[in-house]
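[1] Here you go, sequence then predicted model.
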Amino acid sequence: MTEKLQALAARFDELEARLAAPGLYDDPQNAAALLREHDRLAPIAAAAHALQAARQAQEEAREMLSDPELKALAQEELAAAKAEIERLSSEVKLLLVPRDPNDDKNVIVEIRGGAGGEESALFAHSLYRMYTMYAEKQGWSVDVLSQSPTELGGCKEIIFQVSGDGAYSRLKFESGVHRVQRVPETESQGRVHTSTVTVAVLPEAEEVDFEIDPADLKIDTFRSSGAGGQHINKTESAIRITHLPTGVVVECQDERSQHKNRDKAMRVLRTRLFEAEQARQNAAIAAERRSQVGTGDRSERIRTYNFPENRVSDHRIKLTLYKLADFMDGALDEVIEGLAAAERVRLMEEGGS
């Protein structure tokens with residue numbers, strides 16, 4: 001750990017020098033990458049310097065032990081230095097947990113209605129609203145890529161992009177099956193129904209991450225349509241792209257421009273193919289370690305939203321909050337922080353095994 005810590009501290013010092021160099025912002029993309037790395041390494045460098053200082057204090061206290069007049073003071077300082085070294089060592093161990101390489105990426109979120117018919121579609125729209133409000137609190141932007149609305153204002157499916165610093169690092173924990181228990185608007189006898197919605201959070205694949213051969217694509221155009229006859233386009237501006245080697249099909253009809261729909265469809269296609277490739281690699285490396293984080297796995301229920309009890313329960317960390325209304329308005333931080341902490345502990349334990 002010491003060698004790795006020293007190397008990271010040295011890299012931080014190198015970044016400090018590079019960020020102070022003239023002409024840094026002549027290449028804005030490179031400058032942004034250096035700033036992100038600097039911010040990521042800053043707490044590690046600070047902990048490294050603090051650990052070095054604590055060890056120096058420990059050595060000085062040991063030297064004082066030979067002086068009878070200073071022995072009592074030396075023993076106190078030695079105990080304090082030892083406690084500080086133990087605290088900082090634990091902090092450093094946590095800081096050195098490997099980061100998910102996708103954490104800084106934007107995300108594409110796919111929400112689909114599951115069991116429950118129209119009530120499921122209505123809750124899918126409620127989740128979209130919840131994530132939109134959370135994104136707004138984080139200063140992120142949201143761009144709808146594709147949606148299939150229902151007559152009552154729900155969504156059979158909605159796919160949207162969230163762009164902003166750390167979007168994937170926070171939203172990746174949302175992948176899975178979300179269960180809702182509430183009285184549907186269409187329920188005349190006041191009975192509580194249970195429905196499900198699936199959420200997949202995918203790191204946006206950039207062109208440098210995943211190249212697609214144009215010869216592998218079949219691109220069709222068709223007329224777009226909307227719920228209740230709204231936004232019907234009389235021109236063939238909607239786009240359907242089929243990736244022939246895998247059979248993955250993506251449609252986009254959200255924009256009136258065929259060019260814009262094509263761009264959005266390609267973004268979704270590239271991300272889905274990149275995600276599938278990552279899942280294959282993860283399976284080959286360690287099948288037992290594959291989880292919903294970063295793979296969009298929908299195999300298990302992760303959270304329950306119980307409206308009659310004003311309760312939201314995350315089953316992965318056994319956390320229950322009785323403030324569902326706030327949660328649905330985008331107050332997700334308490335649950336996301338708990339999930340992030342549990343993930344760090346798991347990675348730290350795996351790293352030490």
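    Looks like it came in fine.

[2] how far does stretch 197-213 sit from the chain's center?
    Distance of stretch 197-213 from the chain centroid (C-alpha atoms, centre = their mean, to the nearest Å) equals 13 Å.

[3] for the stretch 51-200 of the chain, what spans make up the helices?
    Here the stretch 51-200 of the chain has its helices, by DSSP state H, counting those that start in this stretch, at 71-95, 117-138, 167-171.

[4] Please identify the most buried of those.
    Comparing these by mean neighbour count (mean count of other C-beta atoms under 10 Å), helix 167-171 comes out on top with a mean of 23. C-beta here means a position set from N, CA and C on the backbone, and glycine is covered the same way.

[5] Report the mean confidence score over it.
    Averaged over helix 167-171, pLDDT sits at 92.

[6] Same check on stretch 87-101?
    Here the average pLDDT along stretch 87-101 is 79.

[7] end to end, how far does that stretch reach?
    Using C-alpha to C-alpha, to the nearest Å, one end of stretch 87-101 lies 27 Å from the other.

[8] For that stretch, which outside residues touch it?
    1, 4-5, 8, 40, 43-44, 47-48, 50-51, 54, 168-169, 172, 293-294, 344, 347-348, 351 (C-beta atoms under 8 Å, 6 or more residues apart in numbering).

[9] returning to that earlier point: in CSV, list the helices of the stretch 51-200 of the chain along with distance to residue 109.
    Formatted as CSV, the helices of the stretch 51-200 of the chain follow (distance: least, C-beta to C-beta, whole Å):
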stretch, distance to residue 109
helix 71-95, 28
helix 117-138, 6
helix 167-171, 7
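
[10] The ones you listed: which one's closest to residue 236?
    Proximity to residue 236 (C-beta to C-beta) singles out helix 117-138 among the helices of the stretch 51-200 of the chain, at 27.0 Å.

[11] Remind me what the closest one packs against, helices and strands.
    Counting contacts by 3 or more C-beta pairs under 8 Å, 6 or more residues apart in numbering; DSSP states H and E, helix 117-138 packs against strand 107-113, strand 141-149, strand 155-163, helix 167-171, strand 176-182, strand 193-203, helix 324-328.

[12] Neighbouring strands - and their directions - for the third one?
    It stands for strand 155-163. Sheet partners assigned to strand 155-163 using DSSP bridges are listed as strand 107-113 (antiparallel), strand 141-149 (antiparallel).

[13] As a check, name the ranges of all helices in the stretch 251-353 of the chain.
    258-286, 324-328, 333-352.

[14] Could you work out which of those helices reaches nearest to residue 19?
    helix 333-352 (27.2 Å).

[15] Just the buried ones from the contacts of stretch 87-101?
    Buried subset of the contacts of stretch 87-101 (neighbour count, 16 or more other C-beta atoms under 10 Å): 5, 8, 40, 44, 47-48, 50-51, 54, 168-169, 172, 293-294, 347-348.

[16] Determine which two of those residues are furthest apart.
    The distance between the two most remote of those (C-beta to C-beta) is 35.7 Å, for 54 and 294.

[17] How about the contacts made by residue 158?
    Residue 158 sits in contact with 110-111, 124-125, 128, 144, 146-148, where contact means C-beta under 8 Å, 6+ apart.

[18] Need the pLDDT of the closest residue to it other than its chain neighbours.
    Distances taken as C-beta to C-beta, 6 or more residues apart in numbering put residue 147 closest to residue 158, at 4.2 Å, once the chain neighbours are dropped. pLDDT for residue 147: 85.

[19] now swap in residue 310 and tell me
    Residue 310 is assigned a predicted lDDT (pLDDT) of 94.

[20] And the one 3 residues further on, by the same measure?
    According to the prediction, residue 313 has pLDDT 95.

[21] tally of neighbours for it?
    19 (other C-beta atoms under 10 Å).

[22] With the one 5 residues further on instead?
    As a burial measure, the neighbour count of residue 318 was computed by other C-beta under 10 Å and equals 9.

[23] re the thing from before, now the contacts of residue 158 as a markdown table including distance to residue 189?
    Formatted as a markdown table, those follow (distance: C-beta to C-beta, whole Å):
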| residue | distance to residue 189 |
| --- | --- |
| 110 | 34 |
| 111 | 28 |
| 124 | 24 |
| 125 | 24 |
| 128 | 28 |
| 144 | 35 |
| 146 | 36 |
| 147 | 31 |
| 148 | 29 |
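
[24] still on that earlier bit, quick one: closest of the helices and strands packed on helix 117-138 to residue 74.
    Nearest of these to residue 74, taken as C-beta to C-beta: helix 167-171 at 44.6 Å.

[25] Which secondary structure elements does that closest one sit against?
    So helix 167-171, by 3+ C-beta pairs under 8 Å, 6+ apart, packs with strand 107-113, helix 117-138, strand 193-203, helix 333-352.

[26] hmm, 6 Å instead?
    Other elements packing on helix 167-171 under the criterion 3 or more C-beta pairs under 6 Å, 6 or more residues apart in numbering; DSSP states H and E are strand 107-113.

[27] which non-adjacent residue is nearest residue 204?
    Closest to residue 204 by C-beta to C-beta, 6+ apart is residue 106, at 4.3 Å.

[28] Give me the domain ranges for the chain.
    The chain breaks down into these domains under automatic domain parsing: 2-95, 107-201+297-352, 214-285.

[29] Could you identify which of these is most buried?
    Most buried of the domains of the chain by mean neighbour count (mean count of other C-beta under 10 Å) is domain 107-201+297-352; its value is a mean of 18.
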